[in-house]
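> sequence first, predicted coordinates after that:
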Amino acid sequence: MEYYSDEKEALTDMPVSPSGQYFNSSVLSISVLAVMEFEVPLDDLPSMTLLQDVFLPINPRFSSIMVGDENGVKKWKRVDVRLEDHIKFPSFPAGMSPEFYDNYLNDYLSKISLDRFPQNKPLWEVHVIKYPTRNAAGNIIFKLHHALGDGFSLMGALLSCLKRADNPSIPVTFPSRESSSSRDGKQNGIFRCVGRVFSRVANTVSDIGSTLVKSSFVTDGQTPIRSGEDGLQFRPCAITTLSFSLDHIKQIKAKLGVTINDVVTGIIFLGTRLYMQASSSSSSSSHDDLQQQQANADATALVVLNTRAMGGYKTIGEMVKPDSKMPWGNHFTFLHVSVPKLSCNNGASSADESNSSPISFVKNAHTIIMRKRNSAAVYLTGRMLEIMRKFRGHEAVAQYIYNTLKNSSMAMSNLIGPVEQMALANHPIKGVYFTVIGGPESLGITMMSYAGKLRVTIRMEKGFMDSQTFSSCIENAFDMVFKDAVQNTPPSNS
């Protein structure tokens, strides 16, 4: 394990990054909840020792607070950390069933998601849950402010605390990043190259314009997945998770010649439309055309992308180097993606030839994501925010990001986890999942791979959406796509 060393670089009075200021402003306070599920009870886990000797040395930000100077510029200031202020051992009713503790844990996650961090202490908490749920003998919840870093940085920090469960002396490995490029990529004729340049320019102009319009002026309407209410960041949320086999997802990927991300995104889109359809059908309206309009109402997914060079996690020492290709911090952008609509063949009453089967949602997701990636807007969005910050200040940028989230129907992001099972102080970890909290959107979906499984976490507005129905729709969508792709589709030649 490699720690960030004070001898290498002191953090005293280091400026807070622009993104760090956006996420910890009067408008936004975004955090990450990461949950580790353990196979064994946590009664003998040396929690305080692990925090002092393993967690705090990872990065000086974990021992720092944000302070502002006379010009309003925020900096990180080192402070003494009182661990008892940051670690919680909540007390649940004793002697209850795992099903009871499942519900109690979900309610607890909802509760702590509403609590803002005090600004006079480092921006993190650890909650040790010593009650058995259906998935684990015990759980540890890491609540980490997004100002400390993005999901890639924070997950890299947490993983640096872990060892492989089978052999701690062997380095952890991560899935290789696959490419969905086809044989067309080998055709590099002059006309094709010119065509790609014009296509990239056109896509960039279109995407930048679309981003500005949707972030500033155009709002998704009220639908079964978007209430449109103000102040959702201050209201309770419901959090639930689903688990899928990565081997099954890879079978779909191989059959369709797309990426794992394409497969998962397509399944989420199909499941979302199935939920909108089910919610519309159960409404008081008996008019088929009105139900169809509600099921296929315009819905925008805000897809968050890592802008670092692709690859696995690096050691913390490598991530904090000034010239690192995989740097610490917040390095991401977002894409507005219209959720494809249902057609008659997958349950709706009106036809859309582009979505005539379940796998068409995966193919559609592949086409959309490839087109979006063939656009400099992915990188220019960050530059645009930087220009806005210079002329209008970080609070204006925070408001812009807030509006971007609020105007969309859902937010999506994903992380790649280790291939092998991990352990913390010889306590094997059965599962890992995360969610992003503090945003104004009704629906947030996050995904993380770990030890052969893909964990999908669904965070939704409590009391507005039905978490059980939505989860069932996602599972149904997975079954539909798997059957359509693996059983009914010949292998792709791409």
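That came through fine. Because the structure is predicted, anything quoted here is derived from the model rather than measured.
> can you show me the helices along this structure?
Secondary structure of the chain (DSSP state H): helices at 18-23, 47-50, 98-113, 151-159, 190-216, 246-256, 260-281, 288-295, 316-319, 358-373, 377-392, 394-407, 467-482.
> how about residue 44, phi and psi?
phi -100, psi 20 (degrees, to the nearest 10).
> low-confidence ranges, the chain, go.
Across the chain, the ranges flagged by pLDDT under 70 are 1-13, 177-204, 207, 282-293, 306-332, 344-356, 489-494.
> list the contacts for the closest residue to residue 48 other than its chain neighbours?
Leaving aside its sequence neighbours, residue 48 sits nearest to residue 83 (C-beta to C-beta, 6 or more residues apart in numbering; 5.7 Å). All C-beta spots, glycine's among them, are computed from the backbone N, C-alpha and C. Contacts were defined as C-beta atoms under 8 Å, 6 or more residues apart in numbering; by that measure residue 83 touches 48, 51-52.
> what about residue 83, distance to residue 43?
As for residue 83, its distance to residue 43 is 19 Å (criterion: C-beta to C-beta, to the nearest Å).
> report how many residues lie close to residue 209.
11 (other C-beta atoms under 10 Å).
> let me redo that: residue 45
By other C-beta under 10 Å, neighbour count at residue 45 equals 19.
> surely it touches residue 424?
Yes: if you go by C-beta atoms under 8 Å, residue 45 and residue 424 touch, sitting 7.4 Å apart.
> measure the spatially closest residue to residue 280 that is not a sequence neighbour to residue 409 for me?
The shortest distance from residue 280 to any non-neighbouring residue, by C-beta to C-beta, 6+ apart, is to residue 294 (3.8 Å). Distance, residue 294 to residue 409, by C-beta to C-beta: 13 Å.
> what do you get for residue 258?
From residue 258 to residue 409 the distance is 23 Å (C-beta to C-beta).
> quick revisit: between the helices of the chain, which one is nearest to residue 66?
helix 18-23 (7.7 Å; C-beta to C-beta).
> pull that closest one out as PDB, backbone CA atoms only.
The C-alpha trace of helix 18-23 is given here as PDB (Å, rounded to 0.1, in the frame of the first residue of the first chain):
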ATOM      1  CA  PRO A  18     -13.100  24.500  -8.700                       C
ATOM      2  CA  SER A  19     -15.200  21.300  -8.700                       C
ATOM      3  CA  GLY A  20     -14.700  21.000  -5.000                       C
ATOM      4  CA  GLN A  21     -16.100  24.400  -4.500                       C
ATOM      5  CA  TYR A  22     -19.100  23.700  -6.800                       C
ATOM      6  CA  PHE A  23     -20.100  20.600  -4.800                       C
END
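> buried ones in it?
18-23 (16 or more other C-beta atoms under 10 Å).
> could you dump those residues to TSV with distance to residue 254?
Output for the buried residues of helix 18-23, formatted as TSV (distance: C-beta to C-beta, whole Å):
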residue	distance to residue 254
18	41
19	37
20	40
21	44
22	40
23	38
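> now for those residues: which two are most distant?
Most distant of the buried residues of helix 18-23, by C-beta to C-beta, are 18 and 23, 9.9 Å apart.
> give me the neighbour count for residue 485.
Neighbours of residue 485 (other C-beta under 10 Å): 25.
> what separation is there between it and residue 478?
11 Å.
> how much space between residue 170 and residue 93?
Separation of residue 170 from residue 93 (C-beta to C-beta): 41 Å.
> beta partners of residue 67?
Counting by DSSP bridges, residue 67 forms beta bridges with residue 75.
> thought residue 51 was touching residue 86?
Yes: with contacts counted by C-beta under 8 Å, residue 51 reaches residue 86, the gap being 7.3 Å.
> touching both of those two, which residues are there?
With C-beta under 8 Å, 6+ apart, residue 51 and residue 86 have common neighbours residue 126.
> could you pull up the residues touching the residue nearest to residue 43 when sequence neighbours are not counted?
Take residue 43 and drop its neighbours on the chain: the residue closest to it by C-beta to C-beta, 6+ apart is residue 130, 6.4 Å away. By C-beta under 8 Å, 6+ apart, the contact list for residue 130 reads 41-43, 89, 138.
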